[in-house]
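Peer 1: the following block contains a protein sequence and its predicted model.
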Amino acid sequence: MLIQPGPLLAKIDSPEDLKKLDQTQLVQVCDELRQFIVDNVSVYGGHFGASLGVVELTVALHYVFNTPVDQLIWDVGHQAYGHKILTGRRDNFHTNRLYNGLSGFPKRKESQFDTFGVGHSSTSISGALGMAIANQYKQDDRQHIAVIGDGAMTGGLAFEAMNHAGATNANLLIVLNDNCMSIDPNVGALKDYLTDVTTSHTYNKVKDDVWKILSKFSKFGKSAQEVISKVEHSMKALLLKQSNLFESLNLRYFGPVDGHDVHHLTSVMNDLKKIPGPKILHCVTVKGKGYKPAEEGNATKWHAPGKFDKVTGEVFKKVSEKPEPPKYQDVFGHTLVELAEKNEKVMGITPAMPSGSSMNIMMKAMPDRAFDVGIAEQHAVTFSAGLATQGMVPFCNIYSTFMQRAYDQVIHDVCIQDLAVNFCLDRAGFAGADGPTHHGAYDIAYMRCIPNMVIAAPMNEAELRNMMYTAQLPREGKAFTIRYPRGQGVMPEWRTEMKKMTIGTGRKISDGEDVAILTIGHIGNYVFEVKEQLEKEGLNPAHYDMRFVKPLDEELLHDIFRNYNKVVTVEDGCLVGGFGTAILEFMAENGYAAKITRLGIPDRIVEHGTQLELQAECNFDPNGIANAVRALLGVKAKATHASN
């Protein structure tokens, strides 16, 4: 079903078309753009609240600035749907986040208006500053605008960039989109500071009065403008405690302004274009603005609600007559509370993903033992290391793709000191529609090369519980990484009794002949279907769930290579340096000469789609695994078909 845009939006194929409209028509454009987003996301799914909250900002930015000559960067990119619709992608917007369709995030290969690819938080200011310095060097007169949310502003990279920007005269405008939310409500001192700025009536009234008075003197030239700047800075510092946070970094601060007043925004932005140097515009917005259920309901729920009834606000959920397996994240969350109830040393840490990781379960049950540290993965890891030095048992839950941002801390603060920190890597493997910025493709490889590290992956919910139970038992050193995918497990009755595992042991799932399939993690469940397919053809591969990538179960591997000279390894991770590579290393080091086919994520960037579509593309869905066995046995392969 193709969603029809409103009459004004239907005529906008680029920002140049937007600029042809009279400013009085911008409110209608905002209304139509907001409705178009509601109509599309309700039918096709996607990120929602963030894009509704910046509709007026988006329209004002493209109306005032000469994009793409003037370069606009959206931090993270959840909020960039309106931007995509206004920049020539309206008629294809229904393909957003679908296989071979538009990306859910800004992407340089997709459009010249996407000047910087994003997906992780806090990168926009650094990227925009690099562009500004480059164009300054080339004497290319352009504007550079970074739109960053108050949640992303908690990331250390944003502060590093502002610190650098303030020491330059770069032509940079930072637009702070302040809605007190990232995916979950924001936490920390910055949130409190911004609240002070936006709610201080004295500060805002006097600030406005002073600006009105001083603006009358601006016509007297540069010397008068310098005086104005000094008076303005002093008044801000005088009127509000710590109000010079941004100006102490030498960023001229303007605001707060109403981020939903498109006329005022265009006026302010036109003025800011004329002010040289680095500056910040503080805009106060409402996540989900213009859609009542999102404005008044659970903002976390409406971040990415899936398909819903746009009239009633009812989110459509899959209904099954049979008990459904839980999500792995929920098994983690509930299991962590069970462990913490019996072990007073257990603590939980997550960087701004309490709902996504289900750490919110422990935060509610034990608020003094579970911590959301904000979008600060580096801090989350080193904070966990500090806890471990004092005898605590930290479970640091970070998405696999975000753990990449804390790699030095894993090495320097945890593993070199040989501390018993437990890392639970959610969303390991293909993340699905979020695409390459969110795929957890590399964690096996990047963790495997670090000394003092254990790496495990459960094939099902019971295995996850056993691994977590084992990880919280006393041990001398060694970090313990447990990786698991996005989505559901396989056990509706998942609350099994937890048992201690022997670290570094795998298990034989089924006997077979000629070929052994070695799997790691949830992807091993595909082999049940694979064996069913192949047995109808007279083929009978053995199946081994290795459970641990480091240390490997060498005793089990010796048995495998003594009995099989054809082996298939399967992992939902990168082939370069991954699980299959570890098996090849063992084979070479021990003088075996089996023929090995490694299945996993190839050495290229894999785009977005459903998990099964992407696994089929990379040949490790059930049909791909079966074909690998057939190929080793000299049997003709069968066509692979992916389905949701």
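Peer 2: Received, thanks.

Peer 1: what packs against the longest strand seen in the chain?
Peer 2: Identified as the longest strand of the chain according to DSSP state E is strand 566-574. Under the contact criterion of 3 or more C-beta pairs under 8 Å, 6 or more residues apart in numbering; DSSP states H and E, strand 566-574 touches helix 443-448, strand 516-519, helix 579-589, strand 595-601, helix 622-632. (Each C-beta comes from the backbone N, C-alpha and C, glycine too.)

Peer 1: and of these, who's closest to residue 172?
Peer 2: Closest approach to residue 172 among those (C-beta to C-beta): helix 443-448, 32.7 Å.

Peer 1: which elements pack onto the helix or strand that the closest one is followed by?
Peer 2: Downstream of helix 443-448, the next assigned helix or strand under DSSP states H and E is strand 453-456. Helices and strands touching strand 453-456, by 3+ C-beta pairs under 8 Å, 6+ apart, are helix 443-448, strand 479-483, strand 548-550.

Peer 1: give the pairing partners of strand 453-456; include direction for each.
Peer 2: According to DSSP bridges, strand 453-456 forms sheet pairs with strand 479-483 (parallel), strand 548-550 (antiparallel).

Peer 1: can you list those strands in JSON lines and add mean pLDDT, distance to residue 61 and mean neighbour count?
Peer 2: Converted to JSON lines, the strands paired with strand 453-456 look like this (pLDDT from 0 to 100; distance: least, C-beta to C-beta, whole Å; neighbours: other C-beta atoms under 10 Å):
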{"stretch": "strand 479-483", "mean pLDDT": "98", "distance to residue 61": "39", "mean neighbour count": "26"}
{"stretch": "strand 548-550", "mean pLDDT": "98", "distance to residue 61": "46", "mean neighbour count": "23"}
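
Peer 1: and those strands as a markdown table, adding distance to residue 247?
Peer 2: Formatted as a markdown table, the strands paired with strand 453-456 follow (distance: least, C-beta to C-beta, whole Å):
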| stretch | distance to residue 247 |
| --- | --- |
| strand 479-483 | 41 |
| strand 548-550 | 49 |
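
Peer 1: figure out which of those strands is closest to residue 505.
Peer 2: Minimum separation from residue 505 across the strands paired with strand 453-456 (C-beta to C-beta) falls at strand 548-550, 6.9 Å.

Peer 1: how far away is the nearest residue to residue 120 once chain neighbours are set aside from residue 401?
Peer 2: With C-beta to C-beta, 6 or more residues apart in numbering as the criterion, residue 120 has its nearest non-adjacent residue at 6.1 Å, and that residue is residue 437. Using C-beta to C-beta, to the nearest Å, residue 437 is found at 7 Å from residue 401.

Peer 1: common neighbours of these two, please.
Peer 2: With contacts taken as C-beta atoms under 8 Å, 6 or more residues apart in numbering, the residues that reach both residue 437 and residue 401 are residue 120.

Peer 1: ok, those two, which is more surrounded?
Peer 2: Comparing residue 437 with residue 401 by other C-beta atoms under 10 Å, the one with more neighbours is residue 401, at 23 against 19.

Peer 1: so what's the more buried one up against?
Peer 2: So residue 401 contacts 120, 427, 431, 437, 438, 439, 440, 441 (C-beta under 8 Å, 6+ apart).

Peer 1: among these, which are located in helices?
Peer 2: Using DSSP state H, no member of those falls in helices.

Peer 1: identify, from the residues you listed, the entry nearest to residue 493.
Peer 2: residue 427 (24.5 Å).

Peer 1: hang on, residue 600 packs against residue 580?
Peer 2: Yes. Judged on C-beta atoms under 8 Å, residue 600 makes contact with residue 580 at a distance of 6.1 Å.

Peer 1: anything in contact with each of the two?
Peer 2: Counting by C-beta under 8 Å, 6+ apart, the residues touching both residue 600 and residue 580 are 569, 571.

Peer 1: got the CA coordinates for stretch 597-610 in CSV?
Peer 2: Only the C-alpha atoms of stretch 597-610 are listed here, as CSV (Å, rounded to 0.1, in the frame of the first residue of the first chain):
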residue,chain,number,x,y,z
THR,A,597,33.8,-25.2,5.1
ARG,A,598,33.2,-22.1,7.2
LEU,A,599,29.8,-20.4,7.2
GLY,A,600,29.2,-17.0,8.7
ILE,A,601,29.3,-13.3,7.9
PRO,A,602,31.7,-12.6,4.9
ASP,A,603,34.3,-9.9,4.8
ARG,A,604,32.1,-7.2,3.4
ILE,A,605,29.4,-4.8,4.8
VAL,A,606,26.1,-6.6,4.8
GLU,A,607,23.1,-4.2,4.6
HIS,A,608,19.7,-4.4,6.3
GLY,A,609,16.8,-6.9,6.1
THR,A,610,15.3,-9.5,8.3
